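> generate coordinates for the sequence data below:
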Amino acid sequence: MNMPSNLNVDEQRRTPIFSIVIPTYNRGHILSRAIQSDLNQTFCDFELIIVDDGSTDNSQELVEQITDPRILYLRQENQGVSTARNAGFKVSKGKYITFLDSDDEALPEWLHCLVTAFTTETVGAVCAGVKVSDAKENKIVVRLPSNRDPMYDDQTCLFLSGTFAVRRDVFEAVGGYAESLAYGENSELGLRIVSHCTQKNLPIANVAEPLVIYHRQPLRWAKSEDKFRLRLASAEYVLRQHGERYRKKHPRGYTNYCAIAGVNAARLGMHQQARQFFMSAIHVYPWDWRHYCRFVLTLIPSLGRNFWLRYQQE
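Below is the predicted model of the structure:
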């Protein structure tokens, strides 16, 4: 991990209340928006750690032009967004940790509302809402923390980048982000945070208003196949790491992940693997007719090809 010599990095720097970690990769054209949204916070006791995941654009030059002493810039070889977030956490000093993507922005009251929600030392995490801005469709959708399924212990929460903050000891206890994931990594982290907080009797607080703006990017992947592979890898990881708990606590949730894995395997032409996922779904929850239809389509690839590409299974 390299740190530019012209940035003042004080190993004995003060301990702030919040550490904000922004991972970035070739986002120099919009990175300044995320940074400025943090510097505009009404709550000022924070450090901002920008982890450059091997950018080849002007990201480093952009950060070097900002002289705010709360900014720490780190550069690493390209290893993925989850590894970058964990790298930021390792050098952070804040009592609470939160993460913001480099193409999004925080509203001015973001940190103030989050820190206010940490009402006692026992609160393990705080979740808030988000405005999803879709420039292509010219609309904004608000998502707020909601009562989740049994896998989240029926907690009210929302785990997306920017929508949650967590005590540093909680983040450390759950092991941080799963570094092999580049899709669904926040939801998977949320599973472990909620489980840990439940076991330790740590409440999860909520702010029932949007505090960040998520700018939906139409070209997040270079090819559709990349998207399908990331979704497949994410679903497989969840089934591998949390599958047994899912089957016991939330069978339908288990079959949802089987469907995600199966659909994306089918999209990639991996029909035998797709059939195995759909058979697992049928075995665990045989009352959903959609699993049978999906299974049949894997037996007739010529019929299923157009269906898989149209069908949007999230």
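
> give me the packing partners of the longest strand seen in the chain, helices and strands only.
Under DSSP state E, the strand in the chain containing the largest number of residues is strand 204-215. Here strand 204-215 is seen to pack against strand 105-106, helix 110-117, strand 125-134, strand 156-157, helix 185-199 when contacts are counted using 3 or more CB pairs under 8 Å, 6 or more residues apart in numbering; DSSP states H and E. Backbone N, C-alpha and C define where each C-beta goes, glycine included.

> switch the cut-off to 6 Å
Contacting strand 204-215 under the criterion 3 or more CB pairs under 6 Å, 6 or more residues apart in numbering; DSSP states H and E are the following elements: helix 110-117, strand 125-134.

> most tightly surrounded among these?
Across those, the average number of neighbours (mean count of other CB atoms under 10 Å) peaks for strand 125-134, which reaches a mean of 22.

> with only the CA atoms kept, save the helix or strand just after it in PDB.
Downstream of strand 125-134, the next assigned helix or strand under DSSP states H and E is strand 139-143. The C-alpha coordinates for strand 139-143 follow below in PDB (Å, rounded to 0.1, in the frame of the first residue of the first chain):
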ATOM      1  CA  LYS A 139     -36.600   9.600 -11.200                       C
ATOM      2  CA  ILE A 140     -35.700   9.400  -7.600                       C
ATOM      3  CA  VAL A 141     -36.800   6.500  -5.300                       C
ATOM      4  CA  VAL A 142     -36.500   6.700  -1.600                       C
ATOM      5  CA  ARG A 143     -35.600   3.600   0.400                       C
END
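
> give me the contacts around strand 139-143.
Residues from elsewhere that reach strand 139-143 (CB atoms under 6 Å, 6 or more residues apart in numbering): Gly129, Val130, Lys131, Val132, Ser133, Pro210.

> where does pLDDT dip in the stretch 151-300 of the chain?
The model of the stretch 151-300 of the chain has pLDDT under 70 over residues 217-223.

> which parts of it are helices?
Remark: helices assigned in the stretch 151-300 of the chain by DSSP state H, counting those that start in this stretch are 168-174, 185-199, 224-249, 251-267, 271-284, 289-299.
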